[in-house]
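A.B. asks: after the sequence you'll find the predicted model.
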Amino acid sequence: MKHSFILILFLLPFYSQSNEKAKTLQSILDGFKQRVEEVFKAESGRPLKRASKKPPIKKLRSAYTRAYSYSIIAFASRCYYLGEDLKKADAAIAENAQYYLDNPDGIHDRDSFHWHAEITMRLIEMYGSKGTHHAGRMSPETEKLALEPIWQYASKAWLKKAATDEQSIWHQYGSENHHAMDFTINWHFAKLAKDRPEYKNRKYEDGSSIEQQCKAWNKYVVAYCQSRAKKSLCNEMRSDGYNSTLIKGFYNFYDFGSPEVKAAAGLFLDLYFAYWAEEQIDGHMGGGASRIKGSNAFKQGRVSKNSALAWFYFGMGKKPTMVFGHDIGAMTSSYRPPLVVADIALDVKGRGNYEVRQRAQGLAERGNSFPVATAKQAPTKFRIDGGGILRYSYCTPDFIIGTPMVEARPLDKWAGVSSQSRWQGAIFSGPDDPRIVPIVRPKDNQVCFNSFWSVQSKGSLISQKLKTHKGAAEMMVFISEKGFSDPIEKDNMVFFEAQNSFAVIRVPIGGYKWQEKSLSYTAVTGGTRKVPPGKSMLLNKEFSPVILEVMSKSKIGTMEAFQKKLQASKPEIKGKVLAYKTIYGDILSLDMSYKKVPSINGTPVNYTPKKVYDSPFIQSLYDSGVVTIQKGNRSRILDFNNLTATDKVKE
């Protein structure tokens, strides 16, 4: 008894600290509504400012009207939310709907209509005649008109598209985010329409009824969430913009779905934000990625995409605006991330140093379902026996360095979304998003495919351009101007000092040269996007590997000590194999002829490990459907099989 009392006295300060931390985190999460209202109220009283309708992106396409529709939706959402200018909000929604009814080709253009349609249905759910929030703020006439172009979109869905067998659930029509926007609309329209007299007797193009479609898409949403938890969350790996687009319709599942749909979406969102949280510093995303197109490789936007969600949920970064209506779903949803995820997101220092390993789906039989998916077109069929990609990151409070490790496979073995514009590199703590990015420049300065392979252990990365690429130009290394000292070139190495870290770049074959002019990238939708100020190192030999190593100052001390340690280890080339002893003491091996799998300390890289998520903060066996999110004494167990979440706090 005496010993128990002493133990309690000893542990009391820790309980107190834990409780105080929980209160602080809960206070931050509770500030969500205030932050949302701050953004809405900042727009109060302002007139509708329509974005322009732009010419088609490509020939034989309809006008590019995504921004136009978003501007309409953002204006109407603000009016309905604040209860002001309701007639103008109705007029705006009606205008947008009528535009698409008058221009029906635009309904099925992948870059315009389905980007905002799920928000329209959210506004009907919240403010329509049966609205869950302020019913009647949207007039019945507006509600009815707004649904008509959505019917024209959804009526092309066929029941087999919602198949949920193990293989079909990994059939993807278009890219991942487009596929998600599509089934989001199909699910939500059927849910809304099944109880409306004007749609009761309508049939889809495949002859199915709205009731049949509703049942099919309910099952599909649940199966989709389960399959992604089991086999990998995003095949557009850590793509800032596309991942935030993937999830934007999931808020509708959460707020307006059946109990099963709501539960599945909630678990999915919990996992998504944990996935985002553990590989970011102050909202800047690190780690191996794909579909990081054009100038996005060298910067991260701070007022949209995941950055906007980070501000709303966690108060991180810069306040977004309503100009871009992309995140209305998140802003008006009842979903909140759990405490353990907030802790992972906000306590960068407390996370310490750790490795992240994740399986990602990438191997596939490529389909052809753009620009409009039909039953006659083949989807991309992902392999479910192994995705072929190991995402690896080494994370510290001072930097995050990561890469998608892949075999040197032919281009046609990969799904386009997983091989397009893959990203690797290091982001650093400190202002201005400093980063070092070894990457292959796209010839068109937009996208390239299957451009590099790599091997990494801890803070040491080796990468090489692949011969099986498509659209790739030279291998280069980009170094941000802000956040680093001037480079020190010494003994065929280039050293940089960041706020809390040191970095070195080595080119073992052929050397390098500095790019004299700054780069500028052409956006897919037109216009020029400049690369942030920085230095660009170009490799003299097209297929020379490049080595990037990063270490915290707290681990090495001074730049002199960092240089001395590196001078003791030189790259060794035997035939076509590069072997290198890293500053961390590991031996990395890369076969420059692409014949052998890269190795770490003599062991070939395993692209199909037993765990789909493996870090101190997210753990799950591949295909198990049970994910544990944890930090400190707090954990949340997501059971996707039974659609339950269990929170635990260790005493």
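C.D. replies: It's in.
A.B. asks: quick one, what contacts the closest residue to residue 495 other than its chain neighbours?
C.D. replies: Using C-beta to C-beta, 6 or more residues apart in numbering and skipping the chain neighbours, the partner closest in space to residue 495 is residue 488 (4.2 Å). All C-beta spots, glycine's among them, are computed from the backbone N, C-alpha and C. Residues in contact with residue 488 (C-beta atoms under 8 Å, 6 or more residues apart in numbering) are 494, 495, 496, 559, 563.
A.B. asks: narrow those residues to those in helices?
C.D. replies: The helices, defined by DSSP state H, take in 559, 563 from those.
A.B. asks: can you say which two of the contacts of residue 488 are spatially most distant?
C.D. replies: By the measure C-beta to C-beta, 494 and 559 form the most distant pair in these, at 12.6 Å.
A.B. asks: more neighbours, those two?
C.D. replies: residue 494 (19 against 15; other C-beta atoms under 10 Å).
A.B. asks: that one pairs with what?
C.D. replies: Note on residue 494: beta-bridge partners by DSSP bridges are residue 489, residue 505.
A.B. asks: re the thing from before, and which of the contacts of residue 488 is nearest to residue 40?
C.D. replies: Of all the contacts of residue 488, residue 40 sits closest to residue 496, with 42.6 Å by C-beta to C-beta.
A.B. asks: number of residues surrounding that closest one?
C.D. replies: Residue neighbour count, defined by other C-beta under 10 Å, stands at 23 for residue 496.
A.B. asks: now do the residue positioned nearest the centre of the chain, the pLDDT please.
C.D. replies: The residue lying closest to the centre of the chain (C-alpha atoms, centre = their mean) is residue 243, at 3.2 Å. Residue 243 carries a pLDDT value of 96.
A.B. asks: ok, now residue 11?
C.D. replies: Looking at residue 11, its pLDDT is 42.
A.B. asks: what do you get for the one 5 residues further on?
C.D. replies: Taken from the predicted model, the pLDDT recorded for residue 16 is 60.
A.B. asks: so who does the closest residue in space to residue 641 that isn't next to it in sequence touch?
C.D. replies: Spatially, and ignoring its direct neighbours in sequence, residue 641 is nearest to residue 625 (4.4 Å; C-beta to C-beta, 6+ apart). Neighbour list for residue 625: 226, 229, 230, 639, 640, 641 [criterion: C-beta under 8 Å, 6+ apart].
A.B. asks: for the protein, what are the low-confidence residue spans?
C.D. replies: Where the chain drops to pLDDT under 70, the residues are 1-16, 323, 369-373, 375, 517-518, 520-529.
A.B. asks: mind giving me the domain ranges of it?
C.D. replies: Domains of the chain are assigned by automatic domain parsing as 1-30, 348-619, 620-649.
A.B. asks: save the contacts of residue 488 as TSV, and put in distance to residue 161 too.
C.D. replies: Listed next are the contacts of residue 488 as TSV, based on distance: C-beta to C-beta, whole Å:
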residue	distance to residue 161
494	52
495	54
496	50
559	58
563	58
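A.B. asks: closest to residue 67 among the contacts of residue 488?
C.D. replies: Residue 67 lies nearest to residue 496 out of these, by C-beta to C-beta, at 38.1 Å.
A.B. asks: you'd agree that closest one is up against residue 489?
C.D. replies: No: Residue 496 is not in contact with residue 489 according to C-beta atoms under 8 Å; the separation is 10.6 Å.
A.B. asks: quick one: the helices in the stretch 251-400 of the chain?
C.D. replies: Applying DSSP state H, counting those that start in this stretch to the stretch 251-400 of the chain gives helices spanning 259-277, 305-314, 328-331, 339-346, 348-351.
A.B. asks: export the ones you listed to TSV and append columns for distance to residue 634.
C.D. replies: Shown next, in TSV, are the helices of the stretch 251-400 of the chain (distance: least, C-beta to C-beta, whole Å):
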stretch	distance to residue 634
helix 259-277	12
helix 305-314	16
helix 328-331	24
helix 339-346	5
helix 348-351	12
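A.B. asks: pipe the domains of the chain into CSV and attach distance to residue 76 per row.
C.D. replies: Below are those laid out as CSV (distance: least, C-beta to C-beta, whole Å):
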stretch, distance to residue 76
domain 1-30, 27
domain 348-619, 24
domain 620-649, 33
